[in-house]
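1. Following is a predicted model, sequence given first.
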Amino acid sequence: MAPGRHTAPESLRGRLAGLAGPLAARLRAAYPRWGDGLRPRGGAVPESPATRVGAARARRRRRRTVLVAAALTASVVALAYSARPPAAPQRRPTTPAAAPTESTPRPTAAPPTVVPATGQPVLPGGPLLTVDQQVVPAAVSLTLLGTRDWRHWGGAGADSVQRKQRGTGEIQDPGGPRLEHNAGVSGLTWTDGTPTAREEGTRAGVFQRGAGKSFALAVVGSGDLRTVRLFVGVFSAGARLDVSLSGGGDPAVREVALARGDRFQQYVIHFRAPRDQRLLIRWRALTVTGGQNDGVSLEAITVS
C-alpha cells in the first residue's frame, strides 16, 4: 500500500529514538563509569610513559565521544519536542446573547389640572372654594385679568368707581363711607373701562380708618368655576380676610399680622357656586398701631 500524504508525528519521534537508543547503549557497554576515572573493561592501565600517553589520548577521545553523545541526545530531545503537534487552543465558553426584550413603557403621570383664565369649568361638580396669596406685581392690567368683570375704586374722589364696559355685573358692592388714597404699589391699567375708558397706571384706592372697619363685596355664582383676584392693603394695621359661599360650607380665612407701614396683598380665589348663591368677601382691620390713617384699603377686584 502506498504511504499516506501526511506523516504522523509519532513516526518521527520513533525514528529519533531509534538513533539515540543504540548509541547510548554502546556508550554504557564500553564505559560503565563516567568522568576522569573512565577506563575500558580490559583491566588496569600500564604505568609506563607510553602507556600513560596512550591512556591520556584515550581519555580525551572518550571525553569527546561523551560530549558528542550528549549533544546528539540533546538534539534528539529538541527534535522530538518540536515535532509534537501544537495543542489545540482552549475555547472559552461563550455566553449566549440574551434575546432582545421589549421595553415596557413607563406610566406617565396625568397632567396637572389647569384653571383656565376665562373661568370656564374644568370639571362639573359641587361647590368649591380655595384662596391663595400671591405677590403684587408692579403693573396690573384689569382688562386682561377681568375677562368677565372688574372694578376699581378711587382716582376721582372717595366715591368714584370704575367698571368694565359691557361687564357681566357679577361684582356686588354695598358701598359705605370711604377715604381716598394714592399710596398703592401697583400701577393699575385698563382699556375697556367706564366712565374712564382708558387708564395708563393709577395707584389710587380707598381705605377705612380704625380697628374693626371693613369692606364687604360679593360675586354672583354661575355654576361654573370662577377666578377672582382681590387687590387690598393695610396701613399700619393687622387685618383678616374672610371668604365663604352663601350656601354654606367651610369658609376660608387669611390673616395679616400687625406691623407698621403700608403693605399690599393680592388674593387669588377659585370658587364654584350655583346661580342662586354668591361668593362673600370681607376685608377687616383687626388692630391698628394708633396712627390717624391706620386701617385697611381696597384697590380693585377682577373676575374671569
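-> Sure, I can see it.

2. Every contact and neighbour count from this point should use C-alpha atoms.
-> Noted.

3. hey, where'd the helices end up in the stretch 101-250 of the chain?
-> 142-145 (DSSP state H, counting those that start in this stretch).

4. Tell me the bridge partners for Thr130.
-> His270 (DSSP bridges).

5. measure it to Pro177 for me?
-> The gap separating Thr130 from Pro177 is 30 Å, by C-alpha to C-alpha, to the nearest Å.

6. so how many other residues sit close to the closest residue in space to Val220 that isn't next to it in sequence?
-> Using C-alpha to C-alpha, 6 or more residues apart in numbering and skipping residues adjacent in sequence, the residue nearest Val220 is Arg278, 4.5 Å away. By other C-alpha atoms under 10 Å, 23 other residues sit near Arg278.

7. Report pLDDT for Arg278.
-> Here the pLDDT value assigned to Arg278 is 97.

8. Surely it and Gly221 touch.
-> Yes - look at Arg278 against Gly221 with C-alpha atoms under 8 Å: they come within range, at 5.1 Å.

9. returning to that earlier point: list the contacts of the residue nearest to Val220.
-> Going by C-alpha atoms under 8 Å, 6 or more residues apart in numbering, Arg278 touches 218-221, 245-247.

10. what do you get if the cut-off is 7 Å, keeping everything else the same?
-> Taking C-alpha atoms under 7 Å, 6 or more residues apart in numbering as the contact definition, Arg278 lies against 218-221, 245-246.

11. And stretch 188-205, end to end?
-> Using C-alpha to C-alpha, first and last residues of stretch 188-205 are 10 Å apart.

12. low-confidence ranges in the stretch 1-150 of the chain?
-> The stretch 1-150 of the chain contains residues with pLDDT under 70 at 1-53, 55, 66, 68-69, 73-124.

13. how about 50 then?
-> Applying pLDDT under 50 to the stretch 1-150 of the chain flags residues 1-10, 33-46, 93-123.

14. Select only the buried ones of the contacts of Arg278 in PyMOL?
-> Those of the contacts of Arg278 that count as buried under 16 or more other C-alpha atoms under 10 Å are selected in PyMOL with:
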select buried, resi 218+219+220+221+245+246
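
15. Of the contacts of Arg278, which is the nearest to Ala70?
-> Using C-alpha to C-alpha, the shortest approach to Ala70 within the contacts of Arg278 belongs to Leu245, at 118.9 Å.

16. Wait, the closest one touches Arg282, no?
-> No - taking contacts as C-alpha atoms under 7 Å, Leu245 lies outside contact range of Arg282: 11.8 Å.

17. got the buried residues for stretch 247-261?
-> Neighbour-count burial for stretch 247-261 [16+ other C-alpha under 10 Å]: 252, 256, 258, 260.

18. Make a markdown table out of those and add secondary structure and distance to Gly187.
-> Shown next, in a markdown table, are these (DSSP: H, G, I helix; E, B strand; the rest coil; distance: C-alpha to C-alpha, whole Å):
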| residue | secondary structure | distance to Gly187 |
| --- | --- | --- |
| Ala252 | strand | 28 |
| Val256 | strand | 23 |
| Leu258 | coil | 25 |
| Arg260 | coil | 23 |
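
19. now those residues as a markdown table including distance to Leu225?
-> Listed next are the buried residues of stretch 247-261 as a markdown table, based on distance: C-alpha to C-alpha, whole Å:
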| residue | distance to Leu225 |
| --- | --- |
| Ala252 | 17 |
| Val256 | 27 |
| Leu258 | 33 |
| Arg260 | 37 |
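
20. Would you mind giving these as TSV with distance to Arg61 and pLDDT added?
-> Formatted as TSV, the buried residues of stretch 247-261 follow (distance: C-alpha to C-alpha, whole Å; pLDDT from 0 to 100):
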residue	distance to Arg61	pLDDT
Ala252	126	96
Val256	126	95
Leu258	128	95
Arg260	129	95
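
21. Which of those residues sits closest to Ala239?
-> Val256 (5.1 Å).

22. and that closest one, what does it touch?
-> Neighbour list for Val256: 238-240 [criterion: C-alpha under 7 Å, 6+ apart].
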